[in-house]
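Asks: Give the three-dimensional model of this entry:
(one chain, ligands or ions: 1)
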Amino acid sequence: MAKARVAVLISGRGSNMAALIYAAKANDCPFEIVLVASNNPDAAGLKLTQAEGIATFAQSHKGMKRAAFDDIIDAEVRRAGANYIALAGYMRLLSPEFVATWQGRMLNIHPSLLPEYKGLDTHERALADGVSISGCSVHLVTTALDDGPVLGQTKVAIISGDTPDTLADRILIAEHQLYARVLSTYVAREQQPDWILAKLDALARALPETEQRPSHGSPGWRTGGEKSGKYFAYFAQHHHGEASMALLVKTSGAEEQTMLIEQDEALYYLPQYYGASGWIGIRLDLGPNDWDHLAEWLRKSWMAVAPAKLRQRVNIADEF
Ligand code: GRF
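Replies: Modelled structure (predicted):
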């Protein structure tokens, strides 16, 4: 199965980045590091990355507007074909546009038990407060600093006599283990049938007058009302011993089916039974799925079965 492609952004030492690079070497790791980018051309982590044969990009942000610099990083990350970003000691506030583009796909690691001690000088503040436990958190990045949903944490006990440095060193050990583990679980969730079905359901139901209803044991989506409604998509799981997960949608017929399979025979296949009436199977079990492409197929398939009155509504909406 294809692995999730991760770009790591760093500003300095890059020890968390190194931990991710080494974790990704395990055969069963569900992600690979495809790029390390930095706003600091002297970041120590860049050398290590190059030695490992991984692409790097470095450019100073100095003298640039925040959004303009983020556009450059965004372009590099896309060029590397990454579908996730892992911030690892990236000392830049991000523009809201960049955060919005990568929403749900950008993670950060922070050396405290969030929501405690956001921002800088976390260890100083924890020690000054006299807490007995600190730790680290991996969270999704949102526009507010260190504030997104927490995906995982490790607690680290404070030892009497700890200084900010000794505490930071010990928490770093925990960070190196936590980041790879949380990132693995997070990217792997997109391969889970429940997650994929929920995502398809949201996309299908965004189309007018669509409901989900089981058909021969498989979830399906139909439109056009109770009596004359028709199915335009099915979620097939271990369907007649075929692909372990697939979306079945309607094509215009045999010619299009043949063309699609010729175009990409790994992705498309002729589903048993449904194939004869013009349906095509799109595999959902090959690795990270292209959700824009799947949304387009749902829409096209919906258009093929929806009554004219409803179709008009979509066409009109498209013109705006
Ligand atoms: C780590 O403590 C991380 O939690 C914080 O910045 C530090 C980066 O260290 N966001 P490194 O560059 O990964 O060694």
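
Asks: Off-centre distance for the biggest helix by length in the chain?
Replies: With DSSP state H setting the assignment, residue counts place helix 164-188 as the longest helix in the chain. Offset of helix 164-188 from its chain centre (Cα atoms, centre = their mean, to the nearest Å): 20 Å.

Asks: May I see the buried residues of it?
Replies: 167-168, 170-172, 174-176, 178-180, 182-184, 186-187 (16 or more other Cβ atoms under 10 Å). Quick note: C-beta positions are derived from backbone N, CA and C, even for glycine.

Asks: and if you look at stretch 15-27?
Replies: Quick answer for stretch 15-27 (16+ other Cβ under 10 Å): Ser15, Asn16, Met17, Ala18, Ala19, Leu20, Ile21, Ala23, Ala24.

Asks: Nearest residue to the second one in space, ignoring adjacent ones along the chain?
Replies: In space, Asn16 comes closest to Ala88 once its chain neighbours are excluded; the distance is 3.9 Å by Cβ to Cβ, 6 or more residues apart in numbering.

Asks: Am I right that that neighbour is in contact with Ile21?
Replies: No. The pair Ala88 / Ile21 is not scored as a contact, 10.2 Å apart, by Cβ atoms under 8 Å.

Asks: if I look at those two, which residues touch both of them?
Replies: Val8 (Cβ atoms under 8 Å, 6 or more residues apart in numbering).

Asks: before we move on, back to that, give the rounded mean pLDDT of the longest helix of the chain.
Replies: Summarised as a single mean, pLDDT over helix 164-188 is 97.

Asks: Quick check: the gap between Ala306 and Gly278.
Replies: Plainly put, Ala306 is 16 Å away from Gly278 if you go by Cβ to Cβ, to the nearest Å.

Asks: which one of those two has more residues nearby?
Replies: Counted by other Cβ atoms under 10 Å, Ala306 and Gly278 do not tie: Ala306 has more neighbours, with 23 against 15.

Asks: Now narrow the buried residues of helix 164-188 to whatever sits close to the ligand.
Replies: Leu172, Glu175 (Cβ under 6 Å from any ligand atom).

Asks: Okay, and Asp146 sits in which element?
Replies: In this assignment (DSSP states H and E), Asp146 forms part of neither any helix nor any strand.

Asks: gap between the residue lying closest to it once chain neighbours are set aside and Lys3?
Replies: Closest residue to Asp146 apart from its sequence neighbours, by Cβ to Cβ, 6+ apart: Lys118 at 3.9 Å. Lys118 sits 32 Å away from Lys3, going by Cβ to Cβ.

Asks: Could you list which of the buried residues of stretch 15-27 belong to helices?
Replies: Ser15, Asn16, Met17, Ala18, Ala19, Leu20, Ile21, Ala23.

Asks: Let me see the confidence value for Asp146.
Replies: Reported pLDDT for Asp146: 86.

Asks: Please name the residues that touch His123.
Replies: Pro111, Ser134, Pro164, Asp165, Leu167, Ala168, Ile171.

Asks: who are the neighbours in contact with the last one?
Replies: Read it as Ile171. Listed by Cβ under 8 Å, 6+ apart, the contact set of Ile171 reads Pro111, His123, Ser134, Gly135, Cys136, Val156.

Asks: wait, what's in contact with the residue in the chain that the ligand sits nearest to?
Replies: For the chain and the ligand, the shortest gap (Cβ to the nearest ligand atom) falls at Gly89, measuring 2.7 Å. By Cβ under 8 Å, 6+ apart, Gly89 lies in contact with Ile10, Ser11, Gly12, Arg13, Gly14, Ser15, Asn16, Met17.

Asks: Among the residues you listed, which pair sits farthest apart?
Replies: Ser11 and Ser15 (12.4 Å; Cβ to Cβ).

Asks: would you put the C-alpha positions of stretch 125-145 in CSV?
Replies: Output in CSV follows, covering the C-alpha atoms of stretch 125-145 (Å, rounded to 0.1, in the frame of the first residue of the first chain):
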residue,chain,number,x,y,z
ARG,A,125,7.1,28.3,33.6
ALA,A,126,6.3,24.7,34.6
LEU,A,127,9.2,24.7,37.1
ALA,A,128,8.3,28.1,38.4
ASP,A,129,4.7,26.8,39.1
GLY,A,130,6.1,23.9,41.0
VAL,A,131,4.1,21.3,39.0
SER,A,132,5.1,17.6,39.5
ILE,A,133,4.4,16.5,36.0
SER,A,134,5.0,18.0,32.6
GLY,A,135,5.3,16.3,29.2
CYS,A,136,4.7,16.8,25.5
SER,A,137,1.8,16.9,23.1
VAL,A,138,1.2,16.4,19.4
HIS,A,139,-1.7,18.4,18.1
LEU,A,140,-3.4,19.5,14.9
VAL,A,141,-2.5,23.0,13.8
THR,A,142,-5.2,25.7,13.9
THR,A,143,-4.8,29.5,13.6
ALA,A,144,-4.5,30.0,17.4
LEU,A,145,-0.9,29.2,18.7
